[in-house]
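Chemist: the sequence and its predicted three-dimensional model are supplied below.
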Amino acid sequence: MTSTAAPSRKTLSKIACKRLQKELLEWQVNPPAGFKHKVTDNLQRWIIDVNGAPGTLYSNETYQLQVDFPEHYPMESPQQRPSDNDRYVKNCRNGRSPKETRWWFHDDKV
């Protein structure tokens, strides 16, 4: 038998499970504009598709977020970090903060 949760994750507490079930139901009844929850059998990990805002560089693009909820949610916040986040932070220019990263754009209309 295989599990869809990460092996190092602990199972959700009763409070976290009830809270996430309630939030998921609310999401399904009244989803936020531009967001779509992909249905899986793992309540602890949500996969969310986000549509780029219309009229921006990101319009007509879809981005995928993975949100992992901890054992004691909502007392602990969910994590949303890309899998390569540690490598990115490590390779930031001159070891500075990622906030100081200079981005290159290929569209001179931005």
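Modeler: Nice, thanks for sending it over.
Chemist: please make it C-alpha for all contacts and neighbour counts, starting now.
Modeler: Noted.
Chemist: so which strand or helix has L20?
Modeler: L20 is part of helix 14-29 when elements are defined by DSSP states H and E.
Chemist: only alpha carbons, please: show that helix as CSV.
Modeler: What follows is helix 14-29, C-alpha atoms only, in CSV (Å, rounded to 0.1, in the frame of the first residue of the first chain):
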residue,chain,number,x,y,z
LYS,A,14,-8.7,15.8,14.3
ILE,A,15,-8.9,19.6,14.5
ALA,A,16,-6.8,20.1,11.4
CYS,A,17,-8.8,17.4,9.5
LYS,A,18,-12.2,19.0,10.3
ARG,A,19,-10.9,22.5,9.5
LEU,A,20,-9.5,21.4,6.1
GLN,A,21,-12.7,19.5,5.2
LYS,A,22,-14.7,22.7,6.1
GLU,A,23,-12.4,24.9,4.0
LEU,A,24,-12.4,22.5,1.1
LEU,A,25,-16.2,22.5,1.1
GLU,A,26,-16.3,26.3,1.2
TRP,A,27,-13.8,26.4,-1.7
GLN,A,28,-16.0,24.0,-3.8
VAL,A,29,-19.2,26.0,-3.1
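Chemist: what's the average pLDDT for that helix?
Modeler: Averaging pLDDT along helix 14-29 gives 93.
Chemist: quick check: next helix or strand after it?
Modeler: Using DSSP H and E, the helix or strand that directly follows helix 14-29 along the chain is strand 35-38.
Chemist: which parts of that next one are buried?
Modeler: 35-37 (16 or more other Cα atoms under 10 Å).
Chemist: tell me the strands beside the helix or strand following it, with direction?
Modeler: Next along the chain after strand 35-38, taking DSSP H and E as the criterion, comes strand 45-51. Using DSSP bridges, the strands paired with strand 45-51 are strand 35-38 (antiparallel), strand 62-68 (antiparallel).
Chemist: low pLDDT regions in the protein?
Modeler: 1-9, 88-89, 91-110 (pLDDT under 70).
Chemist: what residues of stretch 58-76 count as buried?
Modeler: In stretch 58-76, counting by 16+ other Cα under 10 Å, buried: 65-73.
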